[in-house]
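> below are the sequence and a predicted model for it; my questions follow.
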Amino acid sequence: MEIRKYIAENESRFLEELFSLIRIPSISAQPERKADMLACAERWKHLLLEAGADEARIMPSAGNPLVYAEKHVADDAPTVLIYAHYDVMPADPLDLWQSNPFEPEIRDGRIWARGADDDKGQAMIQAKAFEYMVRMGELKHNVKFIFEGEEEIGSPSLNAFLKEHKDLLQADVILVSDTSMLAADLPSLTTGLRGLAYWEIEVTGSNRDLHSGHFGGAVANPINVLCDLIARMTDVDGRITIPHFYDEVEEVPAAEREMIAHIPFDEQRYMDAIGVKALKGEKGYSTLERNSCRPSFDVCGIWGGYTGQGAKTVLPSKAYAKVSTRLVPHQDHERISQLFVDYVNQLAPDYVQVKVTPMHGGQGYVCPIDLPAYQAAALGFEKAFGKKPLAVRRGGSIPIISDFEQILGVKTILMGFGLESNAIHSPNENFPLDVFRKGIEAVVEFHRQYKG
């Protein structure tokens, strides 16, 4: 049966299976969701078996369990390892959602729910393409699956899991659908990812909250100090001021900058889509370079003092911030993490106590476009979307991708189908049904074209 006909005849089942996963609030950032994490893993185990896996099992880790499944075709056949994650981001703020984030709805040709794209929807694309290949008798290589439940918190347990199960996970290439395309009518394959380093800063002043009238102006305010520290992390040109931060940052080659410049990009549309009047970033680089090939520094959260309704004249004892930097290939996240800790401690005044806690991080990644698996993926996009995909670097991070290369010795093909408008990590996350269908078709063609 032709793949488009198969999708049409089975779409209602595909969607109900996806919805059964979405309805499980598998939020890895919330410890009280442990039962939901296991339930989601069990559901994926069942779905992969139904899709045609020879075996599937739940495997423990130091954190949330992983789902492993495999389909063995032949001892001398190449092996594709498919990675995905079943955990999702918290849905807050709930009042901004137009519908229940864990009760999926179809509106305007899109699936609306937390995890509709990231990564349950994209993982389902992989599962359904695999199902088709098995049921039609077309699968010519071995397939393994490894689905984890901690990607949204930095995959803290996966590195050790890979080392412990290196033999089990051996493959010739890894296939991941957890990235995005430039647009629905502009398919693209991700050839690079930025790395990440993430910290929490705690600033302590007095031994208790103080009356701002009695003590204001005489005692340091930790929130003021914290804001000053953060402000000193970047200069007026948007460059990060941490000493030696740029030591391993390669300048974007002229040829690559030229290629980036030819990517269709409407800056006004980009601004309109996110509701900003102007863009800001490192001086001397275009928007597409800033959000993919250059490092960045951001405050991801900041709090302290009184934040309830009305006024409370308090000088807080403590202030906190969570900050991150996106790194480019060749920047070691552990080295950058220590450079940041040292720099904050150097800047910290002696009238407060400052504590910096590294939280998680990962290396950047670059994929050569001459890999046979990359070429198979490119043909998959061309078949499904009607045009050759562009090769682009993306600004996001999937820390485990570099671990795959370092521990398993295998390159990863980032065959993602997300869109900027899908609002991953935000209220009203969604996934277009048309892209869902084309994604399945593209991955089917990958399996047909990949020869190892």
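Arrived safely, thanks for sending.
> which helix or which strand is home to residue 297?
Element membership of residue 297 [criterion: DSSP states H and E] is strand 296-304.
> then residue 57?
strand 55-59.
> strands paired with the following helix or strand past that strand, and their directions?
Downstream of strand 55-59, the first helix or strand assigned by DSSP H and E is strand 66-71. Strand pairing for strand 66-71, using DSSP bridges, gives strand 55-59 (antiparallel), strand 142-148 (antiparallel).
> now do the strand holding residue 57: everything it contacts.
38, 41-42, 45-46, 48-49, 65-70, 145, 161, 165 (C-beta atoms under 8 Å, 6 or more residues apart in numbering). Glycine gets a C-beta too; all of them are placed from N, C-alpha and C.
> again, 10 Å this time
If you take C-beta atoms under 10 Å, 6 or more residues apart in numbering as the criterion, strand 55-59 is touched by 38, 41-42, 44-50, 65-72, 145-148, 161, 164-165, 168.
> and the nearest residue to residue 200 once chain neighbours are set aside, backbone torsions?
Nearest-residue entry for residue 200: residue 357, 4.7 Å, with adjacent residues in sequence omitted and distances by C-beta to C-beta, 6 or more residues apart in numbering. Backbone torsions for residue 357, taken as degrees, to the nearest 10, come to phi -120, psi 110.
> mind listing what residue 357 touches?
Applying C-beta under 10 Å, 6+ apart, the residues contacting residue 357 are 198, 199, 200, 201, 202, 322, 341.
> all the helices of the stretch 251-400 of the chain, in order from the start?
Assigned by DSSP state H, counting those that start in this stretch, the stretch 251-400 of the chain shows helices spanning 254-261, 267-274, 287-290, 333-347, 372-385, 400-403.
> now the first one, how far from the centre of its chain.
This points to helix 254-261. Relative to its chain's centre, helix 254-261 lies at 25 Å (C-alpha atoms, centre = their mean, to the nearest Å).
> what do you get for the last one?
On the basis of C-alpha atoms, centre = their mean, the separation between the geometric centre of helix 400-403 and that of its chain is 12 Å.
> what helices and strands are in contact with it?
Secondary-structure packing of helix 400-403 (3 or more C-beta pairs under 10 Å, 6 or more residues apart in numbering; DSSP states H and E): strand 79-85, helix 158-164, strand 173-176, strand 188-193, strand 353-362, strand 365-366, strand 412-414.
> repeat the analysis, applying 8 Å as the threshold.
helix 158-164, strand 353-362 (3 or more C-beta pairs under 8 Å, 6 or more residues apart in numbering; DSSP states H and E).
> just the C-alpha atoms of it, please, in PDB.
Output in PDB follows, covering the C-alpha atoms of helix 400-403 (Å, rounded to 0.1, in the frame of the first residue of the first chain):
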ATOM      1  CA  ILE A 400      22.900  14.000  24.500                       C
ATOM      2  CA  ILE A 401      23.700  14.300  20.800                       C
ATOM      3  CA  SER A 402      27.400  14.900  21.600                       C
ATOM      4  CA  ASP A 403      27.300  12.100  24.100                       C
END
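> all further residue positions should be reported with the first residue as 48.
I'll keep to 48 as the first residue from here, and by that count the last item is helix 447-450.
> list of residues touching that helix?
130, 195, 198, 202, 205-206, 209, 223, 240, 242, 409-412, 459, 461.
> so which pair among those is furthest apart in space?
195 and 411 (19.9 Å; C-beta to C-beta).
> and the residue nearest to residue 108 when sequence neighbours are not counted, how far is that from residue 293?
Nearest residue to residue 108 in three dimensions, chain neighbours excluded: residue 204, at 4.0 Å (C-beta to C-beta, 6+ apart). According to C-beta to C-beta, to the nearest Å, residue 204 and residue 293 sit 32 Å apart.
> comparing these two, which shows the higher neighbour count?
residue 204 (19 against 15; other C-beta atoms under 10 Å).
> right, and the more buried one touches residue 132 too?
No - judged on C-beta atoms under 8 Å, residue 204 makes no contact with residue 132 at a distance of 11.9 Å.
> now for the two: what residues contact both?
The overlap between the contact sets of residue 204 and residue 132 (C-beta under 8 Å, 6+ apart) consists of 195, 197.
> for residue 451, helix, strand, or coil?
Judged by DSSP: H, G, I helix; E, B strand; the rest coil, the three-state class of residue 451 is helix.
> could you find the closest non-adjacent residue to residue 421?
Closest to residue 421 by C-beta to C-beta, 6+ apart is residue 460, at 5.7 Å.
> partners of that neighbour in the sheet?
residue 222.
> state the distance from it to residue 494.
12 Å.
> higher neighbour count, these two?
Between residue 460 and residue 494, residue 460 has the larger neighbour count (other C-beta under 10 Å), namely 26 against 21.
> what sits against the more buried one?
Taking C-beta under 8 Å, 6+ apart, we find residue 460 in contact with 220, 221, 222, 223, 236, 414, 418, 420, 421, 424.
> next, the buried residues of stretch 224-231.
Of all the residues in stretch 224-231, those buried under the rule 16 or more other C-beta atoms under 10 Å are 224, 225, 226, 227, 228, 229.
> can you map out the strands along the stretch 148-297 of the chain?
Here the stretch 148-297 of the chain has its strands, by DSSP state E, counting those that start in this stretch, at 152-154, 157-159, 189-195, 220-223, 235-240, 242-251, 257-258.
> for the first one, the distance to its chain's centre please.
With C-alpha atoms, centre = their mean as the basis, the distance from the averaged C-alpha position of strand 152-154 to the chain average is 24 Å.
> how about the longest one?
The offset between the C-alpha centroid of strand 242-251 and the centroid of the whole chain comes to 19 Å, using C-alpha atoms, centre = their mean.
> which of the residues in that strand are buried?
For strand 242-251, by 16+ other C-beta under 10 Å, it's 242, 243, 244, 245, 246, 248, 249, 250, 251.
> what is the nearest of those to residue 137?
residue 245 (16.1 Å).
> please list all residues in contact with that closest one.
Residue 245 neighbours (C-beta under 8 Å, 6+ apart): 201, 347, 369, 370, 371, 405, 406, 407, 408.
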